[in-house]
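**Q** I would like the atomic coordinates for the input below:
(one chain, ligands or ions: 1)
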Amino acid sequence: MEPIIEIKNLTKQYENGRGIKNINLEISEGDIFGFLGPNGAGKTTAMKLMTGLIHPDYGDVKIFGHSITEDYERAMAKVGCLIEIAEAYAYLSAFDNLKQLARFYPDVDYQRIDEVLELTGMSKYKHEKPKKFSLGMKQRLGLAAAILSRPKVVILDEPLNGLDVEGMIDIRKLIQKLADEEKTTFFISSHLIHDVELTCNRIGVIYNGEILNVESTKTILRNYATLENYFVSEVERNGRLSSSVG
Ligand SMILES: Nc1ncnc2c1ncn2[C@@H]1O[C@H](COP(=O)(O)OP(=O)(O)OP(=O)(O)O)[C@@H](O)[C@H]1O
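**A** Here you go, the predicted structure:
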């Protein structure tokens, strides 16, 4: 089966020398891929490159076979994303925010707006304005916006930021439901080990701008019992490798 997202030799170095180096990944249809790494590992950088918000120094990302650098519109046609803080018009209601976005999609009607508000637990705040929302409520609205057009691929940067336990469970269930029932493919970054373990079926560990390993959650749990053990082991193994090389 052709991968839905193909990342090849993706490299971006900021002026201060930080960034990501030579990332290679293939994501298949219906995967809930967890991009796990500590603060500053390079997750947001990779996701900004994947969604064309910044340009790579080297390498490319293909989504449904279309290059993000050469054929941006086609590559992004079936992609929904939420990168960094969810932006919304502070003085428009949650519903009106989504209505603004819906203008770009001919087949998104008011019923669909209500549907995504319901799916993300935001129906009761439908007529309230984001200026009064908590971080968790803004995240939920951002997620509602990301899935509004029924995208086949959803790219989410730290989607659980600011959510309480109930919120995390709700959003996890929503992600799994969309992956199961609609074969939506998810690419999710997180530094929350426990949540990645519960949500994702494949996991890539990123550390210091490089991918250390990619493995199915099942295999990780069979061999290491917990994702935390695996993560520590991968980081240590890599540390030893780089020190022995250096
Ligand atoms: N615009 C920028 N200019 C210079 N350096 C940057 C820039 N953006 C990010 N960096 C650096 O690149 C590295 C990767 O940052 P990035 O935001 O991609 O990490 P992250 O894994 O998303 O971290 P977090 O979990 O904290 O959001 C960090 O060392 C960061 O300081």
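**Q** make it CA atoms for all contacts and neighbour counts henceforth
**A** Will do.
**Q** Give me the below-cutoff pLDDT ranges for this protein.
**A** 85-86, 240-246 (pLDDT under 70).
**Q** wait, what's in contact with Thr197?
**A** Check again: residue 197 is Glu, not Thr. By CA atoms under 8 Å, 6 or more residues apart in numbering, the contact set of Glu197 is Thr217, Thr226, Leu227.
**Q** Most neighbours among the residues you listed, which one is it?
**A** For the contacts of Glu197, the largest neighbour count, defined by other CA atoms under 10 Å, is 22 neighbours, found at Thr217.
**Q** For the residue nearest the centre of the chain, list each beta-bridge partner.
**A** Central residue of the chain (CA atoms, centre = their mean): Leu156, 2.4 Å from the mean position. When bridges are called by DSSP bridges, Leu156 pairs up with Leu82, Ile188.
**Q** if we can go back for a sec, restricted to helices, list the contacts of Glu197.
**A** Of the contacts of Glu197, the ones assigned to helices by DSSP state H are Thr217, Leu227.
**Q** Might you enumerate the residues of this protein proximal to the ligand?
**A** Residues of the chain lying near the ligand by CA under 6 Å from any ligand atom: 14, 16, 18-19, 37-45.
**Q** neighbour-wise, which of these leads?
**A** Of the residues of the chain next to the ligand, with other CA under 10 Å as the count, Lys43 tops at 28 neighbours.
**Q** So which of the contacts of Glu197 is the closest to the ligand?
**A** Leu227 (17.5 Å; CA to the nearest ligand atom).
**Q** That closest one and Ile220 touch, don't they?
**A** Yes: assessed by CA atoms under 8 Å, Leu227 is found in contact with Ile220 at 6.6 Å.
**Q** Show me whatever sits in contact with both of those two.
**A** Joint contacts of Leu227 and Ile220 (CA under 8 Å, 6+ apart) do not exist.
**Q** Confirm for me that Ile32 is in contact with Phe186.
**A** Yes: Ile32 is within contact range of Phe186, at 4.6 Å (criterion: CA under 8 Å).
**Q** Mutual contacts of these two, please.
**A** The contact sets of Ile32 and Phe186 overlap at Ala179 (CA under 8 Å, 6+ apart).
**Q** quick one: Asn223 from the ligand, how far?
**A** Asn223 is 26 Å from the ligand, where distance means CA to the nearest ligand atom, to the nearest Å.
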